[in-house]
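*Asks:* this is the structure alone, sequence omitted:
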């Protein structure tokens, strides 16, 4: 046992020597790369593109230097394990290192695509935010009837739109970067999510247009000075909002069957309510209106013309038609306002 231990000591010493020298070289390379990246303005670039809040206290040059340090140290670790001549350990470690080194170009390309997309997305988001703010987009919720209190630190509608543009750009970049790494299934899931997000955005736009039209219709009805203008305006506004909500939900693809069933139930309930109201609550009014209609038809058949009188005069004329024309003088005719019938 002592002989085997002493024979293994040179391998252990060689592994420790390789690891120590490699670690020292990796640290030197890390510091050189970090200082070089800081000197060429990498940290200033990270502040311009908005990476500083993401990195926190760390700088971009330090993060890149750490990545370089890990890439240099990995083969040194495998070499030190190889010096131990332990096949059960060195063979899996060497295979893992080979796979990592093979995937490095793809990882670098995917990271480059996402980084460039982030920079472009930041620029586009900033331009979009400034453009919408200049066009008065922040006042849109007030025009739609939505009361939003201004709170310090809360994003404005234009800033939220710019942030959504940035997120969409990064998602598109990730969808393009994942196939480079071989993750086609995840890229397909992201593509489906983007399609669904597009439907949601279109549905929100439809609902916003519906809110605007509902407010416009309510204001128009209230300014028309008709009877019960406030009630009619409320009914019009509510109806347009319900219709816009149903259209937006259908555009989003959320519960189409529920929306169809709700409209069928609503129309059926409205019809039953009107039938009950007219058949039970308005039974006397309906009978009176029907009786007046029948009397007016009888007078029209007898006189040959449509009488334009109120219901009281119609009853008096109906009674007048039972007398002969010779029994009525001109005063009686003018009093009743009717025409003698022979």
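*Replies:* Arrived safely. Nothing here was measured: the structure is a model prediction, and the numbers come from that model.
*Asks:* low pLDDT regions in the protein?
*Replies:* For the chain, applying pLDDT under 70 flags the ranges 49-50, 52-56, 144-153, 255-256, 274, 276-283, 286-287, 300-342.
*Asks:* quick check: longest helix of it.
*Replies:* helix 87-134 (DSSP state H).
*Asks:* contacting residues around stretch 214-227?
*Replies:* 143-145, 229-230, 232-234, 236-238, 240-241, 244 (C-beta atoms under 8 Å, 6 or more residues apart in numbering). Backbone N, C-alpha and C define where each C-beta goes, glycine included.
*Asks:* how about 7 Å then?
*Replies:* 144, 145, 229, 230, 232, 233, 236, 237, 240, 241 (C-beta atoms under 7 Å, 6 or more residues apart in numbering).
*Asks:* for that stretch, which positions count as buried?
*Replies:* 214, 215, 217, 218, 221, 222 (16 or more other C-beta atoms under 10 Å).
*Asks:* cool, and stretch 240-248?
*Replies:* Neighbour count says stretch 240-248 has 240, 241, 244, 245, 246, 247, 248 buried, by 16+ other C-beta under 10 Å.
*Asks:* between the residues you listed, which sits nearest residue 124?
*Replies:* residue 248 (26.2 Å; C-beta to C-beta).
*Asks:* now the host helix or strand of that closest one, how far from the centre of its chain.
*Replies:* Residue 248 belongs to helix 229-252 when assigned by DSSP states H and E. Here the centre of helix 229-252 is set off from its chain's centre by 19 Å, with C-alpha atoms, centre = their mean, to the nearest Å.
*Asks:* downstream of it, the next helix or strand is which one?
*Replies:* Helix 229-252 is succeeded, C-terminally, by helix 256-276 (DSSP H and E).
*Asks:* that following helix relative to helix 229-252, how many degrees between them?
*Replies:* Interaxial angle, helix 256-276 versus helix 229-252 (axes from the mean of the first three to the mean of the last three C-alpha atoms, to 10 degrees): 150 degrees.
*Asks:* list of residues touching helix 256-276?
*Replies:* Against helix 256-276 from outside (C-beta under 7 Å, 6+ apart): 246, 249, 250.
*Asks:* residue ranges for the strands of the protein, please.
*Replies:* Applying DSSP state E to the chain gives no strands.
*Asks:* domain map for it?
*Replies:* Following automatic domain parsing, one finds the domains of the chain at 1-85, 195-281, 299-336.
*Asks:* any idea which of those domains gets closest to residue 289?
*Replies:* The nearest among the domains of the chain, by C-beta to C-beta, is domain 299-336 at 9.1 Å.
*Asks:* where's residue 180 relative to residue 111, distance?
*Replies:* 10 Å (C-beta to C-beta, to the nearest Å).
*Asks:* please apply the same query to residue 189.
*Replies:* 20 Å.
*Asks:* can you check residue 160 too?
*Replies:* Counting by C-beta to C-beta - residue 160 and residue 111 are separated by 28 Å.
*Asks:* about what we covered before: using JSON lines, lay out the domains of the chain together with distance to residue 166.
*Replies:* Listed next are the domains of the chain as JSON lines, based on distance: least, C-beta to C-beta, whole Å:
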{"stretch": "domain 1-85", "distance to residue 166": "9"}
{"stretch": "domain 195-281", "distance to residue 166": "14"}
{"stretch": "domain 299-336", "distance to residue 166": "71"}
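*Asks:* which of those domains sits closest to residue 93?
*Replies:* domain 1-85 (5.1 Å).
*Asks:* now do the end-to-end distance for that closest one.
*Replies:* 18 Å (C-alpha to C-alpha, to the nearest Å).
*Asks:* so where do the helices sit in the protein?
*Replies:* 2-39, 42-49, 52-55, 60-83, 87-134, 140-143, 157-181, 184-222, 229-252, 256-276, 283-303, 311-320, 330-336.
*Asks:* quick revisit: which one's more surrounded, residue 180 and residue 111?
*Replies:* residue 180 (18 against 14; other C-beta atoms under 10 Å).
*Asks:* got a list of what the more buried one touches?
*Replies:* Counting by C-beta under 7 Å, 6+ apart, residue 180 has contacts 106, 109, 110.
*Asks:* dump those to TSV, plus neighbour count.
*Replies:* Formatted as TSV, the contacts of residue 180 follow (neighbours: other C-beta atoms under 10 Å):
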residue	neighbour count
106	14
109	13
110	20
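*Asks:* closest to residue 95 among the residues you listed?
*Replies:* Using C-beta to C-beta, those come closest to residue 95 at residue 106, 17.7 Å.
*Asks:* which residues does stretch 118-132 contact?
*Replies:* Contacts for stretch 118-132 (C-beta under 7 Å, 6+ apart): 49, 50, 158, 159, 161, 162, 163, 165, 166, 169, 170.
*Asks:* and the fourth one, how many neighbours?
*Replies:* Neighbouring residues of residue 159 were enumerated by other C-beta under 10 Å; the total is 18.
*Asks:* can you count the residues close to the closest residue to residue 94 other than its chain neighbours?
*Replies:* In this structure, residue 94 finds its nearest non-sequential neighbour in residue 78, 5.6 Å apart by C-beta to C-beta, 6 or more residues apart in numbering. For residue 78, the neighbour count with other C-beta under 10 Å is 20.
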